[in-house]
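Asker: Fold the following.
(chains A and B)
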Amino acid sequence: MIEILSSGALATVQDLGRHGALGLGVGVSGAMDGMALAAGNILLGNDDGAAAIEIPVFPFVVRFGRGSAFAITGANVVARLNGSPIEAWWAHEAVMGDILEIGPPEPSPWRAARAYLSISGGIAVEPVLGSRSTQLRGAFGGHLGRQLRKGDRLPLAPTGGPPRLDCGLVPPALAMPLEIDGLPVVRALPAAEHDRFAPASLAAFWSEPWKITSHSDRYGYRFAGPVLEPLAPMELRSHGIVPGVIQVPHGGQPIVQMRDAQPSGGYPKVATVIEADLWRLGQAPIGSRVRFLKVDWEEAVEALDRNEAWLGQVRRLVGLRRLQERAA
Amino acid sequence: MSALGHVSLLGTSALLFEAPGETTLDAQRRIWSLAREAMAWPEVREAVPGMNNLMISLRRPPGAWAPLAERLRLAWDSVEPLPLEGRCIELPVTYGGDGGPHMADVIAYSGLTAEEVADIHSAPTYPVFALGSHPGYCYLGGMDPRIATPRRRTPVLSIPGGAVSIGGSQTGVSASAGPSGWNTIGSTDMTFFDVSRTPPALLQPGDSIRFRIRKVLP
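Answerer: Residues are numbered from 1 along each chain as shown, chains lettered A, B, ... in the order given. Alright, predicted model coming up:
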């Protein structure tokens, strides 16, 4: 068990998402930065998709109810274990009663908004419809279907994973940077209504920086920039959508659907952020600016392959390190 | 080609098939049938009906998507309608007032009175075409085009559960509180989704809803 001693808003239990319930109106949810979640789990010897705590607001403080290996990935946060500073993106060990305090991200070569606290064996809340991710809209999954609060106690897997490794990782934001003119880039594929926007609007969409407004959360990011005009007004029939879809409501300011996106919608879609770059956008802080880069199908699939190759490399390195420690 | 329907990309996660022509129950029966067929394809994680359209989410993106798109179009051409029939539930609705904050927009757009909007809205029996949007939410077919009203310029950050709303030529009832781009014209009470039930959703495609006027508020 771990106990939440202090939590900012919107910390939730997340895994890699809930698949197979779209037909009930249930979206996928899951970690906004799936790469960080998987990497933290690999460091600990967990399954890639073991449930962890996603932390977007700091500080976040927990007490360990039993000894356990843990790792903090995602944002480059300042963390302290019983007051002593510890590194993010490194595996650590806590004993029963230890207090872990996760502070805000500090300036670093990569900008990321969310931290993930992974624990050996994973957070053992009951899976609902096949996932431990919190479904905020449906108020189920995760811990009681809601964000975490002070005093919450989360169950851990009865037996943890393998012993802790003294090992860390270079974050994917450093290993696979993607920037143009100093601004983070996310790649996108044109969607069904792309060509029904005015040429000047499309030029602006693909070239201007877009600001992430304060009305942005796990459901979606609302962007501010040039007004995007359709060639003619569009009213579409409701249809399935996925995280990453970039809708343009009649006001002309795009909304990118994120992990808690509803599974269907009807606003015109100019493009879709590729699955391989959702983690990048998921880490972009409110108030920051990003660019959208047009890619084709082959590039989008290759980007996904690269993510998987990076995770494969991490898995291999951690495995080698484990063999080394066992031999020592 | 358009008679075969149109396929577009939703990133590398999914393909969207859109049926040609007007939105009809007959076409929706073919969509249900197409969904059943596509679910059996090995590339497909889930086949999700929308309003005369079908999204197929992919287990992993294939090297090329054109063959899968072609397969969807051809399958659409050959599927037999699947005539799902289910139960009908009746929902009493309070139209207008605090629970219907966008009734004024529908009145302004349609040129009708609140009473006329309520009469027209509560007249049909609406078949559930698909579930989507949020847990338990039903997309309904058969709304009278006289009360069609464009989706809002900017989505509302939260509307309550039980909100009865109009988006374009469609209508529906929110199953829980959340953001919405539709025009809320009234409110009702019903639990559409309970994860402890099996199945968790109250209604499924082929079921239907009737709205009854409880009252119309100014």
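Asker: neighbours around the closest residue to chain A within chain B, how many?
Answerer: When scored by CB to the nearest CB, chain B has B:M55 as its residue closest to chain A, at 2.7 Å. Every C-beta, even on glycine, is put in place using the N, C-alpha and C of the backbone. For B:M55, the number of neighbouring residues by other CB atoms under 10 Å in any protein chain shown comes to 28.
Asker: For the closest residue to it other than its chain neighbours, give the beta-bridge partners.
Answerer: Closest residue to B:M55 apart from its sequence neighbours, by CB to CB, 6 or more residues apart in numbering or on different chains: A:G240 at 2.7 Å. Beta bridges link A:G240 to A:S264, judged by DSSP bridges.
Asker: Partner strands of the one helix or strand the residue of chain B closest to chain A maps to and their direction?
Answerer: Assignment of secondary structure by DSSP states H and E places B:M55 within strand B:53-58. Partners of strand B:53-58 in the sheet, by DSSP bridges, are strand B:14-18 (antiparallel), strand B:44-49 (antiparallel).
Asker: Would you mind finding the most buried of these?
Answerer: Neighbour counts (mean count of other CB atoms under 10 Å in any protein chain shown) averaged over each of these peak at strand B:14-18, with a mean of 25.
Asker: Name the residues of the very next helix or strand once past that strand that are buried.
Answerer: Sequence order places helix B:25-38 as the next helix or strand after strand B:14-18, per DSSP H and E. The neighbour-count check on helix B:25-38 (16 or more other CB atoms under 10 Å in any protein chain shown) flags B:A27, B:Q28, B:R29, B:R30, B:I31, B:W32, B:S33, B:L34, B:A35, B:E37, B:A38 as buried.
Asker: likewise stretch A:82-92?
Answerer: Neighbour counts over stretch A:82-92 (16+ other CB under 10 Å) mark A:I86, A:A88, A:W89, A:W90, A:A91, A:H92 as buried.
Asker: hey, C-alpha coordinates of the helix or strand the last one falls within in PDB?
Answerer: Okay, so that is A:H92. Following DSSP H and E, one finds A:H92 within strand A:91-94. Provided in PDB are the C-alpha atoms of strand A:91-94 (Å, rounded to 0.1, in the frame of the first residue of the first chain):
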ATOM      1  CA  ALA A  91      15.300   3.300 -10.100                       C
ATOM      2  CA  HIS A  92      15.200   3.800  -6.300                       C
ATOM      3  CA  GLU A  93      14.300   1.700  -3.300                       C
ATOM      4  CA  ALA A  94      12.000   2.800  -0.400                       C
END
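Asker: quick one: strands adjacent to that strand?
Answerer: strand A:68-74 (antiparallel).
Asker: Okay, helices next: where are they in the stretch 101-250 of chain A?
Answerer: According to DSSP state H, counting those that start in this stretch, the stretch 101-250 of chain A carries its helices in the segments A:172-175, A:199-207.
Asker: just these: most buried one?
Answerer: Counting by mean count of other CB under 10 Å, the most buried of these turns out to be helix A:172-175, with a mean of 18.
Asker: Now do the domain split for chain B, please.
Answerer: B:2-78, B:88-217 (automatic domain parsing).
Asker: Would you mind putting those into a markdown table with distance to A:G67 and mean pLDDT alongside?
Answerer: Below are the domains of chain B laid out as a markdown table (distance: least, CB to CB, whole Å; pLDDT from 0 to 100):
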| stretch | distance to A:G67 | mean pLDDT |
| --- | --- | --- |
| domain B:2-78 | 38 | 95 |
| domain B:88-217 | 33 | 95 |
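Asker: quick one: contacts for the residue nearest in space to the middle of chain B?
Answerer: In chain B, the residue lying closest to the centroid (CA atoms, centre = their mean) is B:Y139, at 2.1 Å. With contact set as CB atoms under 8 Å, 6 or more residues apart in numbering or on different chains, B:Y139 has these partners: A:S238, A:S264, B:G50, B:M51, B:V128, B:F129, B:A130, B:L131, B:G132, B:S133, B:Q170, B:G172.
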